[in-house]
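Visitor: sequence first, then the predicted structure, then my questions.
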Amino acid sequence: MELIHVRIVVPPTLTEPVVELLSADRHVFNVVVAPAAARDPAGDALECDIMKGGANSVLGALRELGVEDAGSIAIDEVDMTFSQRMERIEAEEPGAFLHSPLWVSVEAHIRNEGTYQPSFYLFLVIAGLIGAVGIMSNSQILIVAAMVVGPEYSAITSVALALDRHNRLRVLDGLRALTLGFSLAIVASLAFSLLSRAGGFQSRAFELGLRPVSNLIDTPNFFSFVVAVLAGIVGIVSLTEARASALLGVFISVTTIPAASDVAVSIAYGSWHEAWGSFLQLLLNVVTLVIVGVLALRGQRRLWRRAARRAAERPGRA
């Protein structure tokens, strides 16, 4: 059973309605009230455990009561618990309801990842350089490595969430970070590519025009769009369900960093048509991932809310 532990601090005027709310919900367990136990902020301290499937509605109701304005709400995950009552209720609930994502946690994770420290730009530059080496050496392994190192997907999902929540400032922050980050990656990769060309370090095959890796990157087409759409869906679902392995698959399936690297390499070797194709590939993937991210977030919320309503409407519930 998936549970969360909730710690609440409220002024005494809110304690009674909060306790009534918690006690009336069959998905809430172990309600504890400690009057005047809190000091900062001052008030009553309450604790409870909530079945994860029912947590979204309970937390939403607490916020509607004004708990977060007058006090605070803290959430922890419960690793293990033993209770026959919980087991009985779990057996009565549909599986989809039991594994409903905790949306406040999902959105908090996306927002936290959407903070653009110097390391964000450093990783983008390093990923761009690895991608440039992979292109000039015709190494698909290095292209995959560049995709894994690149942190751009966190910014893309942050922009998608901000668009979904109509947060203009976070949208602009994310777009600014992506523009600056990819620009730095392209500039660094261009400088590296020019040095490599001057020193003759590129592979013989690449020098002769045999560039299968580059050709794959700089030719955006219908399949590029399809892969970006599918990867965007998988990325959002993996974030909501905390599936790290699936999220890693997104990193190594979408041509963002390699496209930025190929823009630089193509310019360094005077291949302007290929540089333009790679730029379009980069733009196509970023825009598609953002749009699909917004739609996937909204679609998942609706699906999970429908599952919660169906669970609430089941006959024989207490």
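Guide: Sure, I can see it.
Visitor: SS state for residue 38?
Guide: At residue 38, secondary structure determined by DSSP: H, G, I helix; E, B strand; the rest coil is strand.
Visitor: surely it is in contact with residue 11?
Guide: No - the pair residue 38 and residue 11 does not pass the contact test of Cβ atoms under 8 Å, sitting 9.4 Å apart. C-beta: built from backbone N, CA, C; applies to glycine.
Visitor: list residues touching both of those two?
Guide: Common contact partners of residue 38 and residue 11 (Cβ atoms under 8 Å, 6 or more residues apart in numbering): 44, 71.
Visitor: secondary structure element for residue 202?
Guide: Using DSSP states H and E, residue 202 maps to neither a helix nor a strand.
Visitor: buried residues in stretch 85-96?
Guide: 86, 89-90, 93 (16 or more other Cβ atoms under 10 Å).
Visitor: dump the residues you listed into a markdown table; add distance to residue 200, secondary structure and pLDDT as well.
Guide: What follows is these, written out as a markdown table (distance: Cβ to Cβ, whole Å; DSSP: H, G, I helix; E, B strand; the rest coil; pLDDT from 0 to 100):
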| residue | distance to residue 200 | secondary structure | pLDDT |
| --- | --- | --- | --- |
| 86 | 69 | helix | 84 |
| 89 | 71 | helix | 81 |
| 90 | 66 | helix | 79 |
| 93 | 67 | coil | 74 |
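Visitor: more neighbours, residue 38 and residue 11?
Guide: Neighbours per residue (other Cβ atoms under 10 Å) separate residue 38 from residue 11, with residue 38 holding more: 19 against 15.
Visitor: quick one: low-confidence residue ranges for the stretch 151-300 of the chain.
Guide: Within the stretch 151-300 of the chain, the stretches with pLDDT under 70 are 242-253.
Visitor: let's see that with 90 instead.
Guide: The model of the stretch 151-300 of the chain has pLDDT under 90 over residues 153, 200-221, 223-224, 227-228, 230-255, 300.
Visitor: ok, which stretches of the stretch 51-200 of the chain are helices?
Guide: Along the stretch 51-200 of the chain, the segments classed as helices by DSSP state H, counting those that start in this stretch run 52-64, 67-70, 84-92, 95-98, 103-113, 118-136, 140-149, 152-164, 168-199.
Visitor: list the buried residues of the last one.
Guide: What that stands for is helix 168-199. Neighbour-count burial for helix 168-199, counted by 16+ other Cβ under 10 Å, picks out 170-171, 173-175, 177-178, 181-182, 184-186, 188-190, 192-193, 196-197.
Visitor: and the angle for that helix with helix 140-149?
Guide: Helix 168-199 runs at 150 degrees relative to helix 140-149, counting by axes from the mean of the first three to the mean of the last three Cα atoms, to 10 degrees.
Visitor: show me what helix 168-199 is packed against.
Guide: helix 118-136, helix 152-164, helix 257-268 (3 or more Cβ pairs under 8 Å, 6 or more residues apart in numbering; DSSP states H and E).
Visitor: how far does it sit from its chain's centre?
Guide: 22 Å (Cα atoms, centre = their mean, to the nearest Å).
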